[in-house]
Every structure is written in C-alpha cells, then in structure tokens.
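Participant: Coordinates only, no sequence provided:
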Ligand SMILES: [Zn+2]
C-alpha cells in the first residue's frame with residue numbers, strides 16, 4: 001500500500017477545483033462497506049447506504065465491464081439482496097427485460113435506503129477471485145448504483161474489511177486505515193470501478209520508479225505463498241526499464257501514480273485487465289520463479305501498462321458511455337487493442353525483458369496464425385472480429401473449437417501487424433524524417449492532468465496520422481479492415497527487412513531437446529498431453545481425416561498415445577509412404593483415422609531479406625538505458 005505524496009495531492013486538488021463547476025449537481029455520497037473477512041470462503045458481504053427521496057427508485061448492478069468490452073457483469077453471484085428504509089424491509093422487483101436492473105419504492109419520509117447483499121463465488125474451471133490466501137477485488141462485483149445520473153457524477157465512498165493480517169495494493173487513494181479496515185477517499189463511480197484492489201496474507205510492493213521520474217510507479221504482488229513473491233533483480237530492472245521507456249515512447253503520462261497489481265495463484269484465472277492508474281494481472285503462482293519470468297511477465301505487464309494511454313486516456317468514442325448499462329461499440333478495438341499490442345511488445349523489447357528474437361518470434365507467430373491456411377479470414381473481415389466482441393466473447397482464443405474458421409480476437413495480432421505496416425509507410429512517405437512515434441507523441445501527448453479521458457473517432461485518428469504525414473490513411477485502414485484475403489498482412493514485416501518462413505528449427509534456440517514438435521502447422525492439430533484434441537485447423541490434414549475438437553487420441557500406429565509417440569510417428573512418416581494411423585475416442589466410440597502427411601516439422605520464423613535494411617533492429621533499440 002502506498003498513499004499519495006504531497007506533489008500528487010496538489011495535482012489532485014487542482015483537478016477537483018477545475019471540475020467543481022461541471023460536477024455541481026453531484027448528490028450526497030453513497031457509502032458502502034465490503035466485509036471480505038470471509039474471502040477464503042468466497043463470500044463478500046456488502047452493506048450500502050444510498051441517499052434517496054420518496055418514490056420509485058431504480059438500481060443497477062454493473063453489466064458492461066470496460067476492460068473485457070462485454071456485458072458480463074457477474075450478476076449470478078449476487079445473493080441475499082435486501083433493502084431497508086425507516087427500519088422496514090422494502091419489497092423489490094427485478095426488471096423483466098434486464099436482469100441487472102432492480103426496482104423498488106422509497107416510502108414517504110425516508111431519506112436513505114440501506115441495501116445489503118452477498119457476492120458469492122465458487123471458483124469453477126475459469127478460476128475464482130479469492131483463494132485461501134488472497135483476494136482480487138473489482139468494485140463492480142460489489143456495488144449497486146442509482147439510475148439517472150452519469151457514473152462520473154455519482155460519488156462513492158468505500159470501506160473494506162480484510163481478514164486479519166492481510167495487506168493490500170490499489171491505485172484508489174486511502175482516506176484512513178486501522179487494523180484491518182480501510183476507508184478509501186470518496187471517488188466518482190467510474191473512477192472507483194477503474195481502481196481494483198488486491199489483498200492477501202503474502203504481499204509485497206516494489207518501487208519501479210526510474211531515477212529522475214517524478215511520477216511514482218510500483219508493483220504490488222499477492223501470492224498463494226511467500227516464496228512466490230521472490231521477484232528477481234532482473235525482472236525488477238526490466239519493469240523499471242518498461243516505465244522509463246514508456247516516458248520516451250509516449251512523451252507524456254496521464255495518471256497521478258501507477259500500480260502494477262500482480263496476483264500469483266494457480267486458483268485464479270490468468271489474464272491482465274487494464275485500468276487507468278493500475279492493471280489487474282494474474283499469473284500462475286510460480287510465474288516469477290520460472291526461467292522465462294522476464295519474458296512472460298514483461299509481455300503481459302507492458303501491454304496492460306500501455307493501455308493507460310491507449311484505451312484509458314485515449315478511447316474510441318463508442319466505448320465512452322455514461323454508465324455501465326449502455327452497450328459499448330467496439331469496432332475500433334484494432335486501435336484500442338491492436339495499437340496497445342504494438343506499444344506493449346515494443347516496450348517489452350526495448351526494456352530488455354524480451355530479446356530481439358522474442359520480438360521477431362511474436363511477429364512470426366502472429367503472421368502464421370493469420371494465414372495462409374487459416375480460412376476464417378476468407379469470410380470474416382478484421383473489423384468484424386472487433387465489432388462482434390460483445391456477443392462473441394468466449395473467455396479465450398479457440399474456446400469452442402474450430403477457431404481458425406470462427407476467427408478469434410484477431411484485432412490484437414492483426415492490428416499489431418497493421419500498425420507495424422503503418423510505421424513503415426510513415427517512414428517511406430517521409431523519407432525517414434518521421435516515424436510512428438511522432439504519431440504517438442501527438443495522439444497520446446499533452447499535460448498530465450491525472451486520469452483524463454479523451455475520446456476519439458476513426459476520422460480524428462486519420463487526421464492525426466495525416467498530421468504526421470499526408471497519405472490516404474482512411475483508404476489504407478479501410479482496405480485492410482474489410483479485406484477477406486486468405487493471406488496474412490505481412491507487408492509491414494517485409495518492409496522492415498524480414499519475411500515469414502517455416503522451418504523445423506524450434507522457435508527458441510537451446511530449448512530444442514525438451515520440446516515436442518508443434519503440429520498446428522503440419523497436420524493442423526492442437527492437443528493436450530492426455531491426447532484430448534483442443535482444436536483442429538479447418539481444412540487442414542487432421543480435418544480432412546475426420547478429426548475435430550473434443551475427440552481424444554488413444555493410440556498412434558497401434559501404440560498408446562503420448563505426445564512423444566505422435567512426434568516419433570510424424571518423423572517416421574517423412575520417409576514412409578504409409579499414412580499415420582490414429583485410434584481416437586469419439587464420444588463413446590473408438591474410431592480409426594488415417595492422416596496422409598509426410599512433411600517436415602514447420603515452425604514459423606522471420607528470416608532476413610538481405611537486400612533490405614533491418615528496420616526491426618532500429619525499432620527495438622532502447623531509448624533510455
Ligand atoms: Zn489489452
């Protein structure tokens with residue numbers, strides 16, 4: 001935990017004075033307490049006091065979750081809902097058209113309504129948000145708010161009770177604290193919901209502020225064990241470099257201070273979600289102890305950090321809604337997520353957390369995952385993968401199988417490749433005088449006024465690109481966003497002096513001996529160690545043979561399946577004309593399938609185009625250290 005220093009308090013005070021007129025009609029503060037002392041039982045008890053006037057009252061439970069871009073507020077976890085006024089229980093009714101909306105009537109003479117409910121959670125396969133030793137708290141889980149006013153004009157004051165001895169980290173400013181009870185400063189609902197908190201028995205905060213940097217940055221860690229908190233000096237240095245490099249890349253910051261909130265547990269889901277002054281990232285318990293910790297942690301945290309500029313400070317206008325019930329328009333996610341992927345991966349490489357080879361491998365894997373041989377692109381343009389997110393969010397790439405035909409969240413990977421291409425266009429058009437970083441400095445620049453939100457439209461984005469270099473930017477993006485070409489957009493990679501190539505070489509040098517060949521780009525199959533087929537490439541050799549997701553490989557050429565046995569069979573098939581025979585469990589039946597494939601192992605790589613300069617080398621050079 002860290003409270004804000006003097007200079008930051010002054011910035012905050014200046015901000016509230018400026019906003020005082022705009023927020024003149026803010027009503028009385030809504031106080032609420034979250035009792036998390038039963039967090040290990042996965043129960044949070046909530047008590048709210050809502051100022052009210054007699055008559056009808058409509059309350060909402062947050063439905064649209066900003067960082068996920070979808071209407072998936074966890075309403076099924078709300079139980080025990082009761083309302084009281086003037087000492088009497090009030091009846092309530094759920095809206096027949098929206099399960100997130102509750103209606104009640106405030107009796108004459110009442111000045112406030114008390115609401116109480118529990119947030120229940122059983123974990124489940126996706127992982128919960130509390131374990132025996134820690135809690136990841138998103139305030140959207142534990143609030144109801146009145147209809148009728150924008151979230152920016154509803155003031156909330158939260159108090160949190162934690163299990164004895166637990167410590168916490170959050171960007172939400174603290175008002176006061178005793179033993180295990182924390183009172184937070186009053187904050188508008190939109191800022192509250194953008195300021196999650198992590199708490200736990202095993203907690204550690206590490207300062208990541210580079211020397212000479214006036215704005216405070218830290219990482220707050222909670223884990224299921226003390227041992228898991230052992231972040232190496234290399235990772236600490238790498239993350240400090242990410243912060244330092246971000247200062248150069250963007251040329252501006254738009255937050256009072258920044259907290260990387262990292263949860264290390266095998267009992268929570270693993271992901272990262274962006275916030276303006278923090279990120280809520282969750283990895284396996286031993287992620288910091290792995291030899292590849294810098295690579296794994298760096299890639300995730302640099303991406304979520306870059307979102308403070310792309311997605312939080314600058315956000316597509318259709319994703320800036322007054323409350324958490326109004327649908328989001330997500331067609332510009334190729335900027336919100338695609339540009340962030342470009343920025344985050346650049347920061348991971350410039351900070352030294354990724355090597356140049358790691359960066360090129362990422363580009364190669366992105367390009368390979370987009371085709372040829374990934375037929376979803378032939379029916380579904382990139383812009384649709386973004387626009388359809390609210391209704392097609394599945395919780396992970398490939399969920400449900402046949403991902404190559406459905407297409408997934410390609411606005412990340414394809415968006416990143418297209419921003420690389422835009423960078424090469426700016427370089428070419430300006431004869432090396434300008435770069436995409438000039439765009440970043442304009443688009444993400446300006447004075448630090450705390451967590452400010454500046455919406456943008458497609459047209460405004462094009463105007464800023466044209467400010468950097470005059471070009472048919474609208475045509476450039478529209479052609480790529482609506483393309484149904486089978487080929488991956490590799491023009492940016494090729495203009496950078498590299499090209500996509502497949503070879504038996506493993507992606508990471510030196511790890512060949514421990515690696516089993518990846519069959520995605522050979523027979524078109526992804527499977528688990530137990531032989532369960534996770535997915536098959538639509539139209540690939542395994543698909544042609546009749547295989548599909550959910551089936552389970554029992555034997556390969558009459559021998560019980562292991563990944564190594566399949567690997568041996570693929571190697572032997574290169575000099576053997578007979579097809580590979582798989583005995584497969586399909587629901588309750590055993591069935592034999594033949595895959596007629598005799599090619600070499602294929603892993604995606606980038607190889608140099610010798611007569612072109614290596615622009616990636618230049619791109620990845622650190623600007624600070
Ligand atoms: Zn993101």
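Facilitator: Everything's here; your move. Remember, predicted model here, so these are calculated numbers, not experimental data.
Participant: Every contact and neighbour count from this point should use C-alpha atoms.
Facilitator: Will do.
Participant: I'd like to check what contacts stretch 95-104. Which residues are they?
Facilitator: With contact meaning Cα atoms under 8 Å, 6 or more residues apart in numbering, stretch 95-104 is reached by 56-63, 75, 90-94.
Participant: Next, format those as CSV and append distance to residue 181.
Facilitator: Converted to CSV, the contacts of stretch 95-104 look like this (distance: Cα to Cα, whole Å):
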residue, distance to residue 181
56, 34
57, 30
58, 30
59, 27
60, 27
61, 24
62, 25
63, 28
75, 26
90, 29
91, 31
92, 31
93, 33
94, 33
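Participant: Can you pick out the most distant pair from those residues?
Facilitator: Across the contacts of stretch 95-104, the longest distance by Cα to Cα is 23.6 Å; it joins 63 and 90.
Participant: So in this protein, where's the weakest helix or strand by average pLDDT?
Facilitator: Among the helical and strand segments of the chain, the one scoring lowest on mean pLDDT, DSSP states H and E is helix 6-19, with a mean of 33.
Participant: C-terminal to it, what's the next element?
Facilitator: Using DSSP states H and E, the helix or strand that directly follows helix 6-19 along the chain is strand 30-35.
Participant: Mind giving me the packing neighbours of that next one?
Facilitator: On a contact count with 3 or more Cα pairs under 8 Å, 6 or more residues apart in numbering; DSSP states H and E, strand 30-35 meets strand 43-51, strand 155-161.
Participant: Quickly run through the sheet partners of the first one, with directions.
Facilitator: Each strand pairing with strand 43-51, determined using DSSP bridges, is listed with its direction: strand 30-35 (antiparallel), strand 112-120 (antiparallel).
Participant: Which elements pack onto the helix of greatest length in the chain?
Facilitator: Ranked by residue count under DSSP state H, the longest helix found in the chain is helix 410-429. For helix 410-429, the elements it packs on are helix 333-336, helix 338-350, helix 356-369, helix 382-387, helix 436-443, helix 491-495, judged by 3+ Cα pairs under 8 Å, 6+ apart.
Participant: angle of that helix against helix 356-369?
Facilitator: Relative orientation of helix 410-429 with respect to helix 356-369: 110 degrees, computed using axes from the mean of the first three to the mean of the last three Cα atoms, to 10 degrees.
Participant: where does the chain dip in pLDDT?
Facilitator: In the prediction, the chain carries residues with pLDDT under 70 at positions 1-27, 123-127, 393-399, 509-517, 625.
Participant: ok, back up a step: who wins for proximity to residue 171 among the strands paired with strand 43-51?
Facilitator: Ranking the strands paired with strand 43-51 by distance to residue 171, with Cα to Cα as the measure, places strand 30-35 first at 17.3 Å.
Participant: Just want the angle from the closest one to strand 155-161.
Facilitator: Angle of strand 30-35 versus strand 155-161, following the same axes, to 10 degrees, is 20 degrees.
Participant: Relative to the whole chain's centre, how far out is strand 30-35?
Facilitator: Mean C-alpha position of strand 30-35 versus that of the full chain (Cα atoms, centre = their mean, to the nearest Å) differs by 28 Å.
Participant: ok so residue 326 is a strand residue?
Facilitator: No. Counting by DSSP: H, G, I helix; E, B strand; the rest coil, one finds residue 326 to be coil, located in no strand.
Participant: tell me the contacts of it?
Facilitator: For residue 326, the residues meeting the contact criterion (Cα under 8 Å, 6+ apart) are residue 64.
Participant: Distance of it relative to residue 69?
Facilitator: For residue 326, the distance to residue 69 under the criterion Cα to Cα, to the nearest Å works out to 12 Å.
Participant: Also residue 175?
Facilitator: Distance check for residue 175 against residue 69: by Cα to Cα, it reads 31 Å.
Participant: what do you get for residue 346?
Facilitator: According to Cα to Cα, residue 346 stands 24 Å off from residue 69.
Participant: So which of these two has more stuff around it?
Facilitator: For residue 346 versus residue 69, the count of surrounding residues by other Cα atoms under 10 Å is larger for residue 346: 26 against 19.
Participant: Now do the phi/psi pair for the closest residue to the more buried one other than its chain neighbours.
Facilitator: Nearest in space to residue 346, with sequence neighbours left out and distances taken as Cα to Cα, 6 or more residues apart in numbering, is residue 620 at 6.6 Å. Torsion angles at residue 620 (phi, psi; degrees, to the nearest 10) stand at phi -90, psi 0.
Participant: quick one: the helices in the stretch 401-550 of the chain?
Facilitator: Along the stretch 401-550 of the chain, the stretches classed as helices by DSSP state H, counting those that start in this stretch are 403-406, 410-429, 436-443, 458-468, 473-481, 491-495, 541-545.
Participant: The last one: what's the following helix or strand?
Facilitator: Next in sequence after helix 541-545, counting helices and strands by DSSP H and E, comes strand 552-556.
Participant: Same list, the helices and strands packed on strand 30-35, but as TSV with mean neighbour count and distance to residue 369 please.
Facilitator: Listed next are the helices and strands packed on strand 30-35 as TSV, based on neighbours: other Cα atoms under 10 Å; distance: least, Cα to Cα, whole Å:
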stretch	mean neighbour count	distance to residue 369
strand 43-51	20	41
strand 155-161	20	44
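Participant: With respect to residue 290, which of the ones you listed lies nearest?
Facilitator: strand 43-51 (32.2 Å).
Participant: Check which element follows that closest one along the chain.
Facilitator: Sequence-wise, the next helix or strand beyond strand 43-51 is strand 55-60, with elements assigned using DSSP H and E.
Participant: so that following strand versus strand 112-120, what angle?
Facilitator: Computed by the same axes, to 10 degrees, the angle between strand 55-60 and strand 112-120 is 30 degrees.
Participant: From the chain's centroid, how far away is strand 55-60?
Facilitator: Here strand 55-60 is found 33 Å from its chain centre; the criterion is Cα atoms, centre = their mean.
Participant: same question, stretch 134-153
Facilitator: Taking Cα atoms, centre = their mean, the mean C-alpha location of stretch 134-153 is offset from the chain mean by 20 Å.
Participant: Repeat that for stretch 479-488.
Facilitator: Between the centre of stretch 479-488 and the centre of its chain there are 25 Å (Cα atoms, centre = their mean).
Participant: Any buried residues in it, and which?
Facilitator: When burial is assessed from 16 or more other Cα atoms under 10 Å, stretch 479-488 yields the following buried residues: 480, 481, 483, 484, 485, 486, 487, 488.
Participant: Now do the nearest residue to residue 531 once chain neighbours are set aside: how many residues are near it, please.
Facilitator: Beyond its immediate neighbours in the sequence, the residue positioned closest to residue 531 (Cα to Cα, 6+ apart) is residue 553, lying 4.7 Å away. Counted with other Cα under 10 Å, residues neighbouring residue 553 total 27.
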